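Visitor: kindly return the folded structure for what I paste below:
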Amino acid sequence: MNGMELARGYFEEYGLPMLRKEFPELLPHLAAGLFGSGSECFGFDDGVSRDHDFEPGFLLLLPGEDVIDRRSAFLLERAYARLPKEYGGVKRSLLQPVGGSRRGVLRTADVFTEKTGSPDGRLSAEMWLRVPEHALAEAVNGELFYDGSGEVTAIRERLRHYPEDIRRKKLAGQLLLMAQSGQYNYRRCLQHGENAAAQLAVTEFVRNGMEVLFLLNRTYQPYYKWSFRALRSLPVLSIEAELFEYLLTTDNEAAAEEKYDVIEGIAADVIDALMEEGLTKASCGDLEKHAYSVNDSIEDAQLRNLHVLAAV
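Guide: Just a heads-up that it's a prediction; the model follows:
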């Protein structure tokens with residue numbers, strides 16, 4: 001049983017019956033599920049994940065105090081605390097994980113403000129550019145098991161994808177950085193005899209290349225330790241994960257030319273994807289020119305005229 005199955009089963013067997021019995025008048029205003037930080041919220045948990053922050057439980061989300069007052073929230077907290085301390089052979093922890101509570105009774109506005117800076121999922125263009133991508137991923141991952149009013153579902157839908165102009169601005173910046181690090185600086189670092197710097201260039205190329213692939217797939221990249229796991233499951237260009245791994249794990253002296261060929265191959269694949277989607281009008285193998293072409297396609301003039309790296 002993985003973490004999401006554990007949480008859903010715990011809610012359905014204990015949480016929902018408790019709410020129906022003790023708080024029937026509040027139930028239409030509540031939402032419950034599991035999303036946010038933690039590998040189980042992405043479906044990436046395994047045996048190793050059980051060494052910390054792995055327990056039965058769920059998020060119970062409340063609207064503002066104008067709908068559910070502090071006393072009712074307190075009573076919900078007490079009722080949640082009384083739920084069984086073990087489920088599926090896994091015990092609930094008495095310690096809060098680093099970074100704060102990931103389960104229990106919380107206000108919806110507090111949860112989304114902590115992740116995105118907005119209590120209701122309405123972000124300005126400036127906020128879309130500023131909010132860390134992994135935080136957006138945590139705002140929309142996981143599952144909702146129940147949503148009486150539909151409020152949490154609506155918020156998550158607002159945050160589900162970058163607005164198109166924001167996506168293009170981010171794409172433009174990441175493409176430019178791919179060009180600088182991989183197509184230009186990698187070979188130059190080697191020519192200068194700077195092997196370590198060359199590997200840094202490779203790392204930057206991979207990091208920015210992965211960002212580009214998630215943007216092409218219209219999904220958020222999670223926290224770095226799960227990026228490769230998520231990349232392998234993308235519908236578009238997931239094969240690049242193996243090539244990125246090769247670039248990161250091979251020697252620069254013995255395999256320099258082969259690695260440069262791989263870099264150019266990845267660039268060509270990305271350019272093909274850009275052209276297939278109609279994101280670029282450039283017709284060459286230089287990622288930098290495609291970066292500026294993508295930027296030129298942004299409809300909002302104010303956003304388009306920001307520096308090409310404004311979103312990275």
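Visitor: can you pull out the strands in the stretch 151-300 of the chain?
Guide: Ranges of strands in the stretch 151-300 of the chain, per DSSP state E, counting those that start in this stretch: none exist.
Visitor: now do the same contact list for the residue nearest the centre of the chain.
Guide: Residue closest to the average C-alpha location in the chain (CA atoms, centre = their mean): residue 137, at 2.6 Å. Shown in contact with residue 137 (CB atoms under 8 Å, 6 or more residues apart in numbering): 42, 219, 220, 221, 222, 223. C-beta: built from backbone N, CA, C; applies to glycine.
Visitor: wait, is it part of a strand?
Guide: No: under DSSP: H, G, I helix; E, B strand; the rest coil, residue 137 falls outside any strand and is assigned helix.
Visitor: hang on, the earlier thing: in JSON lines: the contacts of residue 137, plus pLDDT.
Guide: Output for the contacts of residue 137, formatted as JSON lines (pLDDT from 0 to 100):
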{"residue": "42", "pLDDT": "94"}
{"residue": "219", "pLDDT": "97"}
{"residue": "220", "pLDDT": "98"}
{"residue": "221", "pLDDT": "97"}
{"residue": "222", "pLDDT": "96"}
{"residue": "223", "pLDDT": "94"}
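Visitor: between the residues you listed, which sits nearest residue 166?
Guide: Nearest to residue 166 out of the contacts of residue 137 is residue 220 (CB to CB; 11.9 Å).
Visitor: local confidence estimate at the nearest residue to that closest one once chain neighbours are set aside?
Guide: The shortest distance from residue 220 to any non-neighbouring residue, by CB to CB, 6 or more residues apart in numbering, is to residue 137 (3.8 Å). Looking at residue 137, its pLDDT is 98.
Visitor: please apply the same query to the one 10 residues further on.
Guide: Looking at residue 147, its pLDDT stands at 98.
Visitor: now it, which residues is it bridged with?
Guide: Beta-bridge partners for residue 147, by DSSP bridges, are residue 31.
Visitor: and for stretch 199-210, what's in contact with it?
Guide: With contacts defined as CB under 8 Å, 6+ apart, stretch 199-210 is touched by 174-175, 177-178, 180-182, 185-186, 189, 221, 227, 231, 240, 244, 247-248, 252, 259, 263, 266, 270, 312.
Visitor: buried subset of the residues you listed as a ChimeraX selection?
Guide: The following ChimeraX line selects those of those that are buried, judged by 16 or more other CB atoms under 10 Å:
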select :174,175,177,178,180,181,182,185,186,189,221,227,231,240,244,247,252,259,263,266,270,312
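Visitor: cross the contacts of stretch 199-210 against helices and list the overlap.
Guide: Among the contacts of stretch 199-210, the residues falling in helices (DSSP state H) are 174-175, 177-178, 186, 189, 227, 231, 240, 244, 247-248, 259, 263, 266, 270.
Visitor: so which pair among those residues is furthest apart in space?
Guide: 189 and 231 (25.1 Å).
Visitor: quick one: contacts for residue 253?
Guide: residue 195.
Visitor: now do it, the pLDDT please.
Guide: 80.
Visitor: dihedrals phi and psi, it?
Guide: Per-residue torsions, residue 253: phi -80, psi -50 (degrees, to the nearest 10).
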